[in-house]
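Peer 1: please find the sequence and the predicted model below.
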Amino acid sequence: MRSRLPEERHRNLADVETNGPGRAGGGVSFQRFTGPIPDLAERRHRTGGHRRMQGSGSTVSSDAFVAMIEAAGLTGHWSWCFATRAHVWSAGFFHILGLAPGAIEPGWEILRDRVHPEDRPGLPACDAALAETLCDHTFRVLRWSGCERTLKSRGELVRDLDGAVIGVAGVVFDITEQDSLWRSREADLRRNRALFDHASIVFSSMDSFPPDDYPPELRALTGLRNLDLLKDFARFVLPEQRAYRRNRLAQLVRQGQPFSMTPTLALANGHGKAFTAVMVPVEDPTGRVEGWASLMVPAGPERTPPDTARDVDPQIAAPHLRAARNLLGWSMMHLAKASGLTSAVIRRLEAPDAPSDPDACAEAARGAVILALRNAGITFALIEGGAIAVARLD
């Protein structure tokens, strides 16, 4: 479907004069390029061919605006008139190519010859194809000096007031620095993925904690979506550790100092695996924390939480409960409050003569105590010989 350029755009094109092919001055103007516009003379008579800058007493011509923008050396414009088949490059376009204005005769084939060989297949091969394949193009060019730059060009068909296509006009931007940053970022992502695929190492950097976007490697490891982690960043650890890890991690981040911890991650395959996580604050020149860098590496073999809990919990006895409570520095009253029981029940569960095969009520009470201890950072683990180790996770 054809669409006619707005009248305002016609006036803009007619107002801006561009140097002709290969010349620094004089030459073809956009008024000649687009043809006569009926009310152009009247508008120039009223405005003097200038635009007034709002809020000031000075007037700046359209030519001056274009020159001011292109003086930064990162933009230029081009055009192609169907009637004369003449190509026009602005001074800014010449500068982007590393040339003095008018150094060569402008032309699409000449420009395409300077395009990086890997990028040429995606560009029109001739003038005729240029008119038929107008869209955004990003490509690298090799300057005559040998320097490589990355350009982004956008063209549009130019129509007269009757809607007939009379030529092509476009702008070009030098995006070398942006493209270099993008390529560097892509290389970093590939390196991170290689470390993950080979050794299950997860690296991430974040502007704040919790972050807005979690690394794809962590999501692949745990089978969680980014939305799941945004709702609760502790979802990636085992359920019995989440309350402790959530509070402890937030506390350490507020301190703004490097730290490490070894949580047990809930893997996507249903197993659990301990990972050592190191988090280091990234500071700006004034010493203010502007983000965090994190590295997670496997700390031990995988285990299956349901089977482990089923094996360990029945063997947890009074001495293990007392040891766990002492590791936390809790009183019986504190443990009773955390488990929702009374201190008398806690005393009976920790008594030296507590039965090894408690009844249903005592078993439920012991389960509540074990869960409260785990939520506070205590872990119970079977070790060689069938003994139970009690430890506090940092």
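Peer 2: The structure has been received and is ready for your questions.
Peer 1: work out for me the element the residue sitting furthest away from the middle of the chain sits within.
Peer 2: Distance from the C-alpha centroid of the chain, by Cα atoms, centre = their mean, peaks at Asp353 (59.5 Å). Element membership for Asp353, per DSSP states H and E: none, as it lies in no helix or strand.
Peer 1: likewise for His320?
Peer 2: helix 318-328.
Peer 1: ok now stretch 269-284, how far from the chain's centre?
Peer 2: Stretch 269-284 has its C-alpha centroid displaced from the chain centroid by 20 Å (Cα atoms, centre = their mean, to the nearest Å).
Peer 1: and that stretch, what's buried?
Peer 2: Buried residues in stretch 269-284, counting neighbours by 16 or more other Cβ atoms under 10 Å, are found at 271-275, 277, 279, 281. C-beta here means a position set from N, CA and C on the backbone, and glycine is covered the same way.
Peer 1: now, which of these sits nearest Ala338?
Peer 2: Gly272 (23.0 Å; Cβ to Cβ).
Peer 1: quick check, the closest one in contact with Gln241.
Peer 2: No - when contacts are counted by Cβ atoms under 8 Å, Gly272 is not listed as touching Gln241 (9.3 Å).
Peer 1: need the residues touching each of those two.
Peer 2: Taking Cβ atoms under 8 Å, 6 or more residues apart in numbering as the criterion, Gly272 and Gln241 both touch Thr264.
Peer 1: ok, now how distant is Thr253 from Arg246?
Peer 2: Just so we're on the same page, residue 253 is Val rather than Thr. 11 Å (Cβ to Cβ, to the nearest Å).
Peer 1: kindly report the same for Arg392.
Peer 2: Applying Cβ to Cβ, the value for Arg392 to Arg246 is 16 Å.
Peer 1: do the same with Ser260
Peer 2: Ser260 is 17 Å from Arg246, by Cβ to Cβ.
Peer 1: which residues of the stretch 1-150 of the chain score low on pLDDT?
Peer 2: Residues of the stretch 1-150 of the chain meeting the criterion pLDDT under 70: 1-63, 65, 124-135.
Peer 1: actually the stretch 201-350 of the chain, sorry about that
Peer 2: Along the stretch 201-350 of the chain, the model assigns pLDDT under 70 to residues 300-311.
Peer 1: for it, what spans make up the helices?
Peer 2: Assigned by DSSP state H, counting those that start in this stretch, the helices in the stretch 201-350 of the chain fall at 216-222, 226-231, 239-255, 305-312, 318-328, 332-339, 343-350.
Peer 1: longest helix anywhere in the protein?
Peer 2: helix 176-199 (DSSP state H).
Peer 1: quick one: buried residues of the helix holding His320?
Peer 2: Result for helix 318-328 [16+ other Cβ under 10 Å]: buried residues 318, 320-325, 328.
Peer 1: quick check: the residue farthest from the centre of the chain vs Ala317, distance?
Peer 2: Counting by Cβ to Cβ, the gap from Asp353 to Ala317 is 11 Å.
Peer 1: my read: Ile69 touches Ser90, true?
Peer 2: No - assessed by Cβ under 8 Å, Ile69 is found out of contact with Ser90, at 10.1 Å.
Peer 1: the two: who's more crowded?
Peer 2: Counted by other Cβ atoms under 10 Å, Ile69 and Ser90 do not tie: Ser90 has more neighbours, with 23 against 14.
Peer 1: wait, doesn't that one sit right on Trp78?
Peer 2: Yes - applying Cβ under 8 Å, one finds Ser90 in contact with Trp78, separated by 7.0 Å.
Peer 1: show me the contact partners of stretch 217-237.
Peer 2: By Cβ under 8 Å, 6+ apart, the surrounding residues in contact with stretch 217-237 are 192-193, 196, 200, 202-204, 209-210, 212-214, 241-243, 245-246, 249, 263-268, 296.
Peer 1: what about Leu97, neighbour count?
Peer 2: When neighbours are counted by other Cβ under 10 Å, Leu97 comes out with 24.
Peer 1: my bad, should have said Glu186
Peer 2: Residues lying near Glu186 (other Cβ under 10 Å) number 10.
Peer 1: same check, this time on Phe233
Peer 2: Neighbour tally, Phe233, other Cβ under 10 Å: 18.
Peer 1: again, but for Gly76
Peer 2: 24.
Peer 1: what is the burial count for Val202?
Peer 2: Neighbours of Val202 (other Cβ under 10 Å): 26.
Peer 1: partners of the closest residue to it other than its chain neighbours in the sheet?
Peer 2: Spatial nearest neighbour of Val202, chain neighbours left out: Met296 (4.2 Å); criterion: Cβ to Cβ, 6 or more residues apart in numbering. Going by DSSP bridges, Met296 is paired in beta bridges with Val202, Ala277.
Peer 1: distance check, Met296 against Ala268.
Peer 2: 15 Å.
Peer 1: for the nearest residue to Thr276 once chain neighbours are set aside, what are its contacts?
Peer 2: Distance criterion Cβ to Cβ, 6+ apart; nearest residue to Thr276, sequence neighbours excluded, is Ala299 at 4.4 Å. Neighbouring residues of Ala299 by Cβ under 8 Å, 6+ apart: 262, 274-276.
Peer 1: nearest to Arg140 among those?
Peer 2: Of all the contacts of Ala299, Phe275 has the smallest distance to Arg140: 41.2 Å, by Cβ to Cβ.
Peer 1: wait, the closest one touches Ser260, no?
Peer 2: No - using Cβ under 8 Å, Phe275 is not in contact with Ser260; the gap is 10.6 Å.
Peer 1: shared neighbours, the two?
Peer 2: Contact criterion Cβ under 8 Å, 6+ apart; residues shared by Phe275 and Ser260: none found.
Peer 1: of the contacts of stretch 217-237, buried ones?
Peer 2: 192, 196, 200, 202-204, 209, 214, 241-243, 245-246, 249, 263-267, 296.
Peer 1: from Val278, how far off is the closest residue to Arg347 other than its chain neighbours?
Peer 2: With Cβ to Cβ, 6+ apart as the criterion, Arg347 has its nearest non-adjacent residue at 6.1 Å, and that residue is Met332. The spacing between Met332 and Val278, counted by Cβ to Cβ, is 36 Å.
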